[in-house]
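Chemist: here are the coordinates; sequence isn't available:
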């Protein structure tokens with residue numbers, strides 16, 4: 001019968017989750033409860049998961065999205081249209097971006113963190 005030895009844990013390895021983010025300012029062109037169309041001067045990687053933060057009438061709302069497409073706009077230099085689909089990581093409530101967009105009016109300012 002073989003004896004099993006416990007392998008000491010490597011102190012350089014952790015089971016902690018890490019998140020690396022970059023904040024990019026985007027322009028919100030269109031939004032629905034399923035997703036939104038953004039305009040940005042940065043190419044965003046398709047498939048990336050992001051958190052979008054939108055200010056509506058002074059309220060900051062956040063929702064998680066997945067980048068579905070990123071297309072350069074012909075003749076517009078470094079300008080891209082980005083299609084982002086909402087991830088249903090939280091319920092559709094008034095405090096969520098999806099819920100608040102139903103009642104929103106006026107100018108929207110947005111940033112996205114990848």
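Modeler: All right, it came through fine. Remember, it's a predicted structure, so these values are computed and weren't measured experimentally.

Chemist: who's residue 39 bridged to?
Modeler: Beta bridges link residue 39 to residue 27, residue 81, judged by DSSP bridges.

Chemist: what's near enough to touch it?
Modeler: 26, 27, 29, 73, 79, 80, 81, 82 (CB atoms under 8 Å, 6 or more residues apart in numbering). In this view, the C-beta of every residue, glycine as well, is placed from N, C-alpha and C.

Chemist: can you check residue 90 too?
Modeler: By CB under 8 Å, 6+ apart, the contact set of residue 90 is 63, 64, 96.

Chemist: Please repeat the previous calculation with a cut-off of 10 Å.
Modeler: When contacts are counted by CB atoms under 10 Å, 6 or more residues apart in numbering, residue 90 is found next to 62, 63, 64, 96, 97, 98, 99.

Chemist: So among those, which ones count as buried?
Modeler: The neighbour-count test (16 or more other CB atoms under 10 Å) marks 63, 64, 96, 97, 98, 99 as buried among the contacts of residue 90.

Chemist: isn't residue 78 right up against residue 70?
Modeler: No: no contact is recorded between residue 78 and residue 70 when judged using CB atoms under 10 Å, the distance being 12.0 Å.

Chemist: And the two? Which one has more around it.
Modeler: Neighbour comparison, residue 78 and residue 70: the larger count goes to residue 70, with 18 against 10 (by other CB atoms under 10 Å).

Chemist: Quickly note the distance from the more buried one to residue 37.
Modeler: Spatial separation of residue 70 from residue 37 under the definition CB to CB, to the nearest Å is 11 Å.

Chemist: circling back to that earlier point, save the contacts of residue 90 as JSON lines, and put in secondary structure, pLDDT and distance to residue 41 too.
Modeler: As requested, these are exported to JSON lines (DSSP: H, G, I helix; E, B strand; the rest coil; pLDDT from 0 to 100; distance: CB to CB, whole Å):
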{"residue": "62", "secondary structure": "strand", "pLDDT": "84", "distance to residue 41": "22"}
{"residue": "63", "secondary structure": "strand", "pLDDT": "87", "distance to residue 41": "22"}
{"residue": "64", "secondary structure": "strand", "pLDDT": "89", "distance to residue 41": "23"}
{"residue": "96", "secondary structure": "coil", "pLDDT": "76", "distance to residue 41": "27"}
{"residue": "97", "secondary structure": "helix", "pLDDT": "79", "distance to residue 41": "22"}
{"residue": "98", "secondary structure": "helix", "pLDDT": "75", "distance to residue 41": "26"}
{"residue": "99", "secondary structure": "helix", "pLDDT": "72", "distance to residue 41": "29"}
